[in-house]
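Enquirer: The following block contains a protein sequence and its predicted model.
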Amino acid sequence: MSLWPKELVQYHGLFMLIFVLGIGGSFQYGFHISVINSPSQFVKSFINDTWMHRYDLPVTDNSLRLLWSFIVSSYCIGGLLGSLGSGYLSSKYGKKRCLLCGDVIPMVAALLMGLSPTAKSFEMILIARLLYGINAGFGLNIHSQYAGEIADKKLRGFTSISISIFVTTGKLAGQMLGLREILGIESQWCLLLALSGFWALAQMVTLPFFPESPPYLLMEKKDKDGCIQALKQLWGDRDHQKEIDEMLQEQASRRSSRSLTVLELLREPSLRWQLYMLLALTIALQLCGMNAVYFYAVEVFKAAGFQDKEIPYLTVGIGACESASVILCGLIVHHLGKRRILLAGYASVILSLGLLTLTISLQDMFSWMPYCSVILLFMYTLSFGIGASE
């Protein structure tokens, strides 16, 4: 959808809130996916030094591998824990209050991360990663809910795409800040991993100037005046009675309908195809391997003969490709339709991964084959950003 200057002025409050939600929501999730790669060798060296300090012996390779795996995977465990509690807490206390309280978590984690070298404790890094994961799972879910509720009907497509834009921007920021010229050196690794506290602080300082979700104010808090003020701040100073009537109708339909349990949902024939579609899209998104590309792109670039000092810039290129393709998707989705873009994107992803498997298998036979793998890696990233991220 094209945003004309008049609409940009009218909805300036909405766009500002979208940015504030993103910087402390899905941006944090994307940032931690990529930021851990650059300082990995420095963190492993710190673990070994700490082990030597405690036991006067170097850590064994198996122990180091196990500790590093715990540090990396604790983020995923925290994400699961944060996601499980987000629905209940946001409905009980409101999304704005939950986000503000949640911002304390990465600030505490950043403090632990920053002080870990002084305390000579790699356990503090593990705990910090767990806390980062809790905040990411918590913030990503509430960000999505909050953004969906504050958007006007004609801007819901743009608002939903903004969630993916902040995820990819977070990944790109983690890659760029991890370059040697910025924070990708041994003396700065703890600062790099503690930067998440700054993004949380930025949201904590700015979010109080914005209203709570209008549907929450009207349907949960019964605050009609507060809902009207929120709509005027986000959508401009005009008559919003039509939107309020729609919210009241939705509330009445909720009261008249009974909430279904998980088993009842699975057995309900009228919702079966919607459930199938939701499961198919979710499974495909999680299993298509985008995060694995960030983890293993270095090996592909090394096989192609690129120097170690060149590889970080190539990985930044992957992040830039994904960000650019997601933004492009936001510009064309309303013209081509979501179904068409999804089908084209996944078809291109399948083709790219199939050819990439072939080129990696044959890279020892032909000197030029690794370069084909690099091209396909970028092609896959563009395909994912345009289709799968939608």
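Expert: Perfect, thanks for sending it. Values in this document were obtained by computation on a predicted structure and should not be read as measured data.

Enquirer: Could you list the buried residues of stretch 206-225?
Expert: For stretch 206-225, the neighbour count (16 or more other CB atoms under 10 Å) marks 206-207, 210-219, 223 as buried. Every residue, glycine included, has its C-beta placed from N, CA and C.

Enquirer: JSON lines for these, including pLDDT?
Expert: Output for the buried residues of stretch 206-225, formatted as JSON lines (pLDDT from 0 to 100):
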{"residue": "Thr206", "pLDDT": "95"}
{"residue": "Leu207", "pLDDT": "94"}
{"residue": "Phe210", "pLDDT": "93"}
{"residue": "Pro211", "pLDDT": "91"}
{"residue": "Glu212", "pLDDT": "90"}
{"residue": "Ser213", "pLDDT": "88"}
{"residue": "Pro214", "pLDDT": "89"}
{"residue": "Pro215", "pLDDT": "87"}
{"residue": "Tyr216", "pLDDT": "86"}
{"residue": "Leu217", "pLDDT": "87"}
{"residue": "Leu218", "pLDDT": "86"}
{"residue": "Met219", "pLDDT": "84"}
{"residue": "Asp223", "pLDDT": "85"}
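
Enquirer: Can you tell me which of those residues comes closest to Lys95?
Expert: Of all the buried residues of stretch 206-225, Ser213 has the smallest distance to Lys95: 5.4 Å, by CB to CB.

Enquirer: I figured the closest one hits Tyr146, correct?
Expert: Yes. With contact defined as CB atoms under 8 Å, Ser213 reaches Tyr146; the gap is 5.8 Å.

Enquirer: Show me the common contact partners of those two, please.
Expert: The contact sets of Ser213 and Tyr146 overlap at Lys95, Lys96 (CB atoms under 8 Å, 6 or more residues apart in numbering).

Enquirer: so where's the stretch 251-390 of the chain uncertain?
Expert: Across the stretch 251-390 of the chain, residues meeting the criterion (pLDDT under 70) sit at 253-260, 262, 291-292, 294-296, 298-299, 333-334, 387-390.

Enquirer: Now do the strands in it.
Expert: With DSSP state E, counting those that start in this stretch, there are no strands along the stretch 251-390 of the chain.

Enquirer: how much space between the residue of the chain most remote from its centre and Phe210?
Expert: The C-alpha centroid of the chain is most remote from Asp56, which lies 40.7 Å away (CA atoms, centre = their mean). To Phe210, Asp56 is 55 Å away according to CB to CB, to the nearest Å.

Enquirer: Using TSV, lay out the buried residues of stretch 206-225 together with distance to Ile134 and secondary structure.
Expert: Output for the buried residues of stretch 206-225, formatted as TSV (distance: CB to CB, whole Å; DSSP: H, G, I helix; E, B strand; the rest coil):
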residue	distance to Ile134	secondary structure
Thr206	22	helix
Leu207	19	helix
Phe210	24	coil
Pro211	26	coil
Glu212	23	coil
Ser213	22	coil
Pro214	28	helix
Pro215	26	helix
Tyr216	23	helix
Leu217	27	helix
Leu218	30	helix
Met219	28	helix
Asp223	30	coil
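
Enquirer: got these as CSV, with distance to Leu99 columns?
Expert: Formatted as CSV, the buried residues of stretch 206-225 follow (distance: CB to CB, whole Å):
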residue, distance to Leu99
Thr206, 11
Leu207, 6
Phe210, 10
Pro211, 13
Glu212, 10
Ser213, 11
Pro214, 16
Pro215, 16
Tyr216, 12
Leu217, 15
Leu218, 19
Met219, 19
Asp223, 19
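
Enquirer: Of the residues you listed, which is the nearest to Ile105?
Expert: Distances from Ile105 to the buried residues of stretch 206-225, taken by CB to CB, are shortest for Leu207, at 14.8 Å.

Enquirer: so that closest one touches Arg97, yeah?
Expert: No. Using CB under 8 Å, Leu207 is not in contact with Arg97, being 9.8 Å away.

Enquirer: How about the contacts made by the closest residue in space to Leu314 that isn't next to it in sequence?
Expert: Take Leu314 and drop its neighbours on the chain: the residue closest to it by CB to CB, 6 or more residues apart in numbering is Phe301, 5.2 Å away. Listed by CB under 8 Å, 6+ apart, the contact set of Phe301 reads Glu310, Ile311, Leu314, Thr315, Val374.

Enquirer: Narrow these to just the buried residues.
Expert: For the contacts of Phe301, a burial check counting by 16+ other CB under 10 Å picks out Ile311, Leu314, Thr315, Val374.

Enquirer: hmm, back to that, so which of the buried residues of stretch 206-225 is the closest to Phe70?
Expert: Distances from Phe70 to these, taken as CB to CB, are shortest for Leu207 (32.8 Å).
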